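Asks: Sharing a sequence plus its predicted fold:
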Number of protein chains: 2
Amino acid sequence: MNKPVILTGDRTTGPLHIGHYAGSLANRLRYQDTHDQFLLLADSQALTDNAHDPDKVRRNVVEVALDYLAVGIDPNRTTICLQSHLPALAELSMLYLNFVTVARLERNPTIKEEIHARGFGRDIPAGFLCYPAAQAADITAFKATVVPVGDDQSPLIEQTNEIVRRINAVAGVPVLAEARAIIPELGRLPGIDGKAKMSKSGGNAIPLSASSDAIRAAVRAMFTDPNHLRIEDSGQIEGNVVFTYLDAFDQDRDDLEDLKARYRHGGLGDGAVKARLEDILQALIAPIREEREYLSKDIGQVIEVIRTGTERARERTELTKCQVVQALGLFQLPLTRTKAGRSLSEGLA
Amino acid sequence: MNKPVILTGDRTTGPLHIGHYAGSLANRLRYQDTHDQFLLLADSQALTDNAHDPDKVRRNVVEVALDYLAVGIDPNRTTICLQSHLPALAELSMLYLNFVTVARLERNPTIKEEIHARGFGRDIPAGFLCYPAAQAADITAFKATVVPVGDDQSPLIEQTNEIVRRINAVAGVPVLAEARAIIPELGRLPGIDGKAKMSKSGGNAIPLSASSDAIRAAVRAMFTDPNHLRIEDSGQIEGNVVFTYLDAFDQDRDDLEDLKARYRHGGLGDGAVKARLEDILQALIAPIREEREYLSKDIGQVIEVIRTGTERARERTELTKCQVVQALGLFQLPLTRTKAGRSLSEGLA
């Protein structure tokens, strides 16, 4: 019963695609057996750079939850919960902002890079600059000790642990535990056009709900080796998206190595390699798409899953908040129930 | 029944002094009849520059509440509530941070000046930089349209109204109302040493709990006109702390003008003027001190006042949060009760 707690999740800005599957969803299916797993539908974090379009953030709450359930996330073994409905996360975020300087947030390499990538410049929303503190709140509120992150995101875990150490130092007791980043073996999957990032807005992603035709079209359009003009020519594996995808999804490693050798040698056309990848992707996505369609017929059931998970998450995060408040020796009003039957300082019996 | 809502309050960093009385408490006594008044015990805001000393912030919650009650704030007409126990304030703060840029926060003149005064430089806590957004959350959550501020703080209300306009623009409906700053006629009372700011830490304040002896000693030590060496000399009123205090507390304006004329003319000693001020301060503070001592005997009763007011404030602030979330079209889980009997999206019937 004492499994390590793992926290992960997704910003609710679009349905998930096969890049998410390869990079995180497949791992999450395994963590269900070995970890106490929480999946955060990060709608609040999505707003840090989508405040102009709250509708997009709202719509995709259910879309991402559908993706989770369709790939096999089991709500009885994984807690799926909605960030905006966990007030303790906002309360801890505001508290943690007092334990980190503006200069430190600005030095965070992940933030620096994302500010650049999003073209914010000096007009960065304050919420975006502050999101490492919000992420520290997420991680610590769930008492997560394991956090899977992209290879460019480990500075965010370092920032979390700095805040943890400062809180513990002021409290004089180790009320919070440090977390450890897990960086998945498989790096980020490129888009079908070869661009580093696969994204719905970039039009270079294969969503988990892709139709059979869409999968076929995507594989046909896929970037290969631009110098591999004739079948008999030698082809290049590196930077060839079809092979990158095969590396991610082809289970028959020996056969794949053989295929690569033949492609390098010459005599193997892109069409044959693409046919193999298409078969694999059709086989991977078909059951997900079907399950997703089935689940889509009863959205109320999906919302019920989110609601139940959020309630479970609320108990855990409220408890942590109360423990931090108590450890820091902040004022706590005595336990009582409001008219609405709610407790003012719940969690500490 | 439709009185305008006024929000004001104090950071819980020390007991209040006669500077607070002259500058705000006296006005708040009047607002009880004309406004729907909320007094915020701002313990969360106090942490933005006191995160290293949470104990101080905790201790002074009750001290400030005692001051409120002792001067005559009536908890049946004024809602006294505790900032840290109103989660909607943190939730709205985090939301509003997405609607303001870092550059805009840094340009705020109040923040600029306070960063300088506190010697933060580049190592300003992020929570301190962000506190204008938190203040916007406070003001709007209570639906306050009137906010008394010091004469240097009106930029904070401007910042609040900017956020209000941006939220309303994205929502497409005027879910939040703009607020108006009231700047009290009487400016900030100087310390007894003539320094601009009266503060407990500066050792130049007369607390509302001052003993008779302490009041006498403070008035005797009070800064006057350093060039007024002999009684027969002409004395200066400007910058003379004793006269500044008389301006604030002496109800007999005609007599006071006469006194000033005699002081300017020469022939009136500091001792006589100080005796008059001491009488006034003794008469002002004695009943406050006695009431404070009486109330101190039953701290449980004071905490009950804070608890009751906080529950009332919680209902109001939760309602506003739900209205903002709904107006922006963010995801709302359906109304339900958790095991603890709490509602996940309360306030909207």
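Replies: That came through fine.

Asks: pLDDT averaged over the strand or helix carrying A:Ile6 - what is it?
Replies: Assigned by DSSP states H and E, A:Ile6 falls within strand A:5-11. If you average the pLDDT over strand A:5-11, you get 97.

Asks: Now whatever residue of the stretch 101-250 of chain A ends up closest to chain B: which helix or strand?
Replies: Closest residue of the stretch 101-250 of chain A to chain B, C-beta to the nearest C-beta: A:Gly127 (3.7 Å). All C-beta atoms are positioned from the backbone trio N, CA, C, and that covers glycine. Using DSSP H and E, A:Gly127 sits in helix A:126-129.

Asks: Any part of whichever helix or strand comes after that helix near chain B?
Replies: Heading C-terminal from helix A:126-129, the first helix or strand you meet, by DSSP H and E, is helix A:131-141. Yes. Using C-beta under 8 Å from any C-beta of the partner chain, helix A:131-141 reaches chain B at A:133-134.

Asks: Contact partners for A:Leu105?
Replies: Going by C-beta atoms under 8 Å, 6 or more residues apart in numbering or on different chains, A:Leu105 touches A:111, A:129-130, A:132-133, A:159, B:126.

Asks: Tell me the one of those residues nearest B:Thr308?
Replies: Each of the contacts of A:Leu105 was checked against B:Thr308 using C-beta to C-beta; the closest is A:Ala133, at 32.5 Å.

Asks: Format the CA atom coordinates belonging to the helix holding A:Gly127 as PDB.
Replies: Below are the C-alpha coordinates for helix A:126-129, written out as PDB (Å, rounded to 0.1, in the frame of the first residue of the first chain):
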ATOM      1  CA  ALA A 126       2.900  37.400 -14.500                       C
ATOM      2  CA  GLY A 127       1.100  34.000 -14.200                       C
ATOM      3  CA  PHE A 128       3.500  32.500 -16.700                       C
ATOM      4  CA  LEU A 129       6.600  33.800 -14.900                       C
END
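
Asks: Packing partners of that helix?
Replies: helix A:102-107, helix A:109-118, helix B:102-107 (3 or more C-beta pairs under 8 Å, 6 or more residues apart in numbering or on different chains; DSSP states H and E).

Asks: can you do 10 Å?
Replies: Counting by 3 or more C-beta pairs under 10 Å, 6 or more residues apart in numbering or on different chains; DSSP states H and E, the packing neighbours recorded for helix A:126-129 are helix A:43-47, helix A:102-107, helix A:109-118, helix B:87-96, helix B:102-107, helix B:126-129, helix B:131-141.

Asks: okay, these in JSON lines with distance to A:Thr310 next?
Replies: Output for these, formatted as JSON lines (distance: least, C-beta to C-beta, whole Å):
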{"stretch": "helix A:43-47", "distance to A:Thr310": "11"}
{"stretch": "helix A:102-107", "distance to A:Thr310": "28"}
{"stretch": "helix A:109-118", "distance to A:Thr310": "27"}
{"stretch": "helix B:87-96", "distance to A:Thr310": "14"}
{"stretch": "helix B:102-107", "distance to A:Thr310": "31"}
{"stretch": "helix B:126-129", "distance to A:Thr310": "27"}
{"stretch": "helix B:131-141", "distance to A:Thr310": "22"}
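
Asks: Ok, which of those helices comes nearest A:Asp152?
Replies: Proximity to A:Asp152 (C-beta to C-beta) singles out helix A:109-118 among the helices and strands packed on helix A:126-129, at 6.1 Å.

Asks: distance between that closest one and the chain's centre?
Replies: In terms of C-alpha atoms, centre = their mean, to the nearest Å, the centre of helix A:109-118 is set 17 Å apart from its chain centre.

Asks: and what of stretch A:170-179?
Replies: Relative to the mean C-alpha coordinate of its chain, stretch A:170-179 is positioned 26 Å out (C-alpha atoms, centre = their mean).

Asks: Count the neighbours of A:Glu178 for me.
Replies: When neighbours are defined as other C-beta atoms under 10 Å in any protein chain shown, A:Glu178 has 17 of them.

Asks: my bad, should have said A:Gly300
Replies: If we define neighbours as other C-beta under 10 Å, then A:Gly300 has 8 of them.

Asks: That one contacts B:Pro334, doesn't it?
Replies: Yes. A:Gly300 is in contact with B:Pro334 according to C-beta atoms under 10 Å; the separation is 8.8 Å.

Asks: Between these two, which contacts overlap?
Replies: Common contacts of A:Gly300 and B:Pro334 (C-beta atoms under 10 Å, 6 or more residues apart in numbering or on different chains): none found.

Asks: got the buried residues for the helix or strand of chain A with the lowest mean pLDDT?
Replies: Least confident helix or strand of chain A, by mean pLDDT, DSSP states H and E, is helix A:109-118 with a mean of 81. Residues A:110-111, A:114-115 are the ones in helix A:109-118 that count as buried (16 or more other C-beta atoms under 10 Å in any protein chain shown).

Asks: Stretch A:60-76 too?
Replies: For stretch A:60-76, the neighbour count (16+ other C-beta under 10 Å) marks A:60-71, A:73, A:75 as buried.

Asks: Return the distance of it from the chain's centre.
Replies: Averaged C-alpha coordinates place stretch A:60-76 at 12 Å from its chain's average position (C-alpha atoms, centre = their mean).

Asks: swap in stretch A:246-254?
Replies: Distance, centroid of stretch A:246-254 to centroid of chain: 23 Å (C-alpha atoms, centre = their mean).

Asks: can you name the farthest residue from the center of chain A?
Replies: A:Glu232 (41.9 Å; C-alpha atoms, centre = their mean).

Asks: Look at that one and give its secondary structure.
Replies: coil (DSSP: H, G, I helix; E, B strand; the rest coil).

Asks: quick one, phi/psi of A:Val62?
Replies: Taking degrees, to the nearest 10, you get phi -70, psi -40 for the backbone angles of A:Val62.

Asks: I should have written A:Leu82 there, sorry.
Replies: phi -110, psi 120.
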